[in-house]
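*Asks:* What follows is a predicted protein model with its sequence.
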Amino acid sequence: MTINVSLNYVYSTMRYFYLLLIIIFAQIGKAQTTDSVIQFSGIVMTTDSLMAIPFANVLSSNSKTATTSNYNGFFSFVAAKGDTILFTAVGYKDARYIIPGDLTENKYSVIQLMSRDTIYLTETIIYPWPSKEEFRDAFLAYDIPDDYYETARKNLERERLKEIGDAMAMDADMNADYQTKVLGQKIYYAGQYPPMRIFDVFAWKQFFEAWQNGDFKKED
């Protein structure tokens, strides 16, 4: 008994068989991938004061997926079981965390603590000019406008400063000092009449000397 099978039928059967195998392996791989993916969440905090670290970088070293913690230090992104998570933040030492590979749930959360790190920058000196000599020459050659110079000179005159000082009111310290002196004088002469300078011969002597010197003449 002879069975005649065409080559086209064989090729067609093998093609469908290979296609079926590809579909099966794809489903198996998809199921394995889905089972290994989890929602990884947590809070990044300081080790000394347990304060939230905002805007910390959270990176998966395996899948290269990353996210950033919010203002309250919270983060959440998709990672895989067994991934190594890298935590970085400015002013803190880098930290690493390995997600357990034997998790039975698709959600996992942690509290990641990070210790502070002090960064010392090299000293940088900024000069306005390449050398002191060039700065001196430029400073001496600078032309100051006459109006600015004249305004500064007038504001620094002794008479002008005296006028400003006389026009200024007494501040809190001066008022307190004056009131203390008045109160002390009242306490000193408590129970008696204060002396009257009209009978003070020394005051009369000072008056006549000032009169002879012309201190009471009206200025023009």
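*Replies:* On my side now, so go ahead. Computed from a prediction, not measured in an experiment: that's the story for all the values here. Numbers count the residues shown, from 1 in each chain.
*Asks:* Quick one, grab the pLDDT at residue 37.
*Replies:* For residue 37, the model assigns a pLDDT of 87.
*Asks:* That one touches residue 78, doesn't it?
*Replies:* Yes. Residue 37 lies in contact with residue 78 (CB atoms under 8 Å); the separation is 6.0 Å. For every residue, glycine as well, the C-beta is placed using N, CA and C.
*Asks:* before we move on, what SS does residue 206 have?
*Replies:* helix (DSSP: H, G, I helix; E, B strand; the rest coil).
*Asks:* ok, it to residue 214 distance?
*Replies:* From residue 206 over to residue 214 the distance is 14 Å, taken as CB to CB, to the nearest Å.
*Asks:* higher neighbour count, the two?
*Replies:* Using other CB atoms under 10 Å as the criterion, residue 206 and residue 214 rank with residue 206 on top: 11 against 7.
*Asks:* can you pull the pLDDT of the more buried one?
*Replies:* Among the per-residue scores, residue 206 holds a pLDDT of 87.
*Asks:* before we move on, what about residue 31?
*Replies:* 46.
*Asks:* Could you report the neighbour count for the residue lying closest to residue 62 once chain neighbours are set aside?
*Replies:* Nearest residue to residue 62, sequence neighbours excluded (CB to CB, 6 or more residues apart in numbering): residue 83, at 4.6 Å. Burial of residue 83 is recorded as 21 neighbouring residues (other CB under 10 Å).
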